[in-house]
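J.: prediction below, plus the sequence it came from.
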Amino acid sequence: MPLDRPQDFLSFTLAGLEYGIDARQVRELCLFDALERFTDGARVVPGVARARGVIMPLVDLRAAFAGHPVPFEPQSDVIILTLSHCVMGMVVDSVNGMVTLRPDQVSAMPCVDGVAPAGYLLGLGAVGERRLILVDIDRLMTVGQDRAARTV
């Protein structure tokens, strides 16, 4: 993902790795305990939540990355996002803060064993010793929808 000018990313941690998403998509940050939740007990999409009158799906990326349910703590970080198709909450291990990346600080995702990276992985950001995996969160959250639409 070549940048043509500096861009702000919200940095967060999942399973020991640091990720970055476009800060313009971040609506607000809140704690899990601050959300009114309606759960159905699913592993990755544990239900819906309401924040400031908006009802949204709540996605637990911790469970998606771990491959099993992860217990919710009242202080778990939730990133409220405005995506192209909805507003949603995303539960992560921790929010690290804002990072501004210049074009020269972003490189393409490497191929692994000759396989191109997933389309939602935009590149690698470098800030000093930190390495951020830059994610197109809109694309990541529609991966299953795209596949389902093609099979209908």
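T.: That came through, no problem.

J.: low-scoring pLDDT stretches of this structure, where are they?
T.: Scanning the chain for pLDDT under 70 picks out the ranges 1-2, 36-47, 68, 114, 116, 143-152.

J.: not counting sequence-adjacent ones, nearest residue to the most centrally placed residue in the chain?
T.: By Cα atoms, centre = their mean, the chain has its centre lying nearest to residue 137, at 5.3 Å. Excluding the flanking residues, the one nearest residue 137 by Cβ to Cβ, 6 or more residues apart in numbering is residue 21, at 4.6 Å. No exception for glycine: its C-beta is placed from N, CA and C like everyone else's.

J.: for stretch 111-126, C-alpha coordinates in PDB please.
T.: Taking C-alpha atoms only, stretch 111-126 is exported to PDB below (Å, rounded to 0.1, in the frame of the first residue of the first chain):
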ATOM      1  CA  CYS A 111       5.000 -13.200   0.000                       C
ATOM      2  CA  VAL A 112       5.300 -16.300   2.100                       C
ATOM      3  CA  ASP A 113       6.300 -19.500   0.200                       C
ATOM      4  CA  GLY A 114       5.400 -17.700  -3.100                       C
ATOM      5  CA  VAL A 115       1.900 -17.000  -1.900                       C
ATOM      6  CA  ALA A 116       0.700 -13.300  -2.000                       C
ATOM      7  CA  PRO A 117      -0.600 -11.900   1.300                       C
ATOM      8  CA  ALA A 118      -4.300 -11.600   2.000                       C
ATOM      9  CA  GLY A 119      -6.000  -8.700   0.200                       C
ATOM     10  CA  TYR A 120      -6.800  -7.000   3.500                       C
ATOM     11  CA  LEU A 121      -3.100  -6.700   4.500                       C
ATOM     12  CA  LEU A 122      -1.900  -3.400   3.200                       C
ATOM     13  CA  GLY A 123       1.700  -3.400   4.200                       C
ATOM     14  CA  LEU A 124       4.200  -3.100   7.100                       C
ATOM     15  CA  GLY A 125       4.800   0.100   8.900                       C
ATOM     16  CA  ALA A 126       8.000   0.800  10.700                       C
END
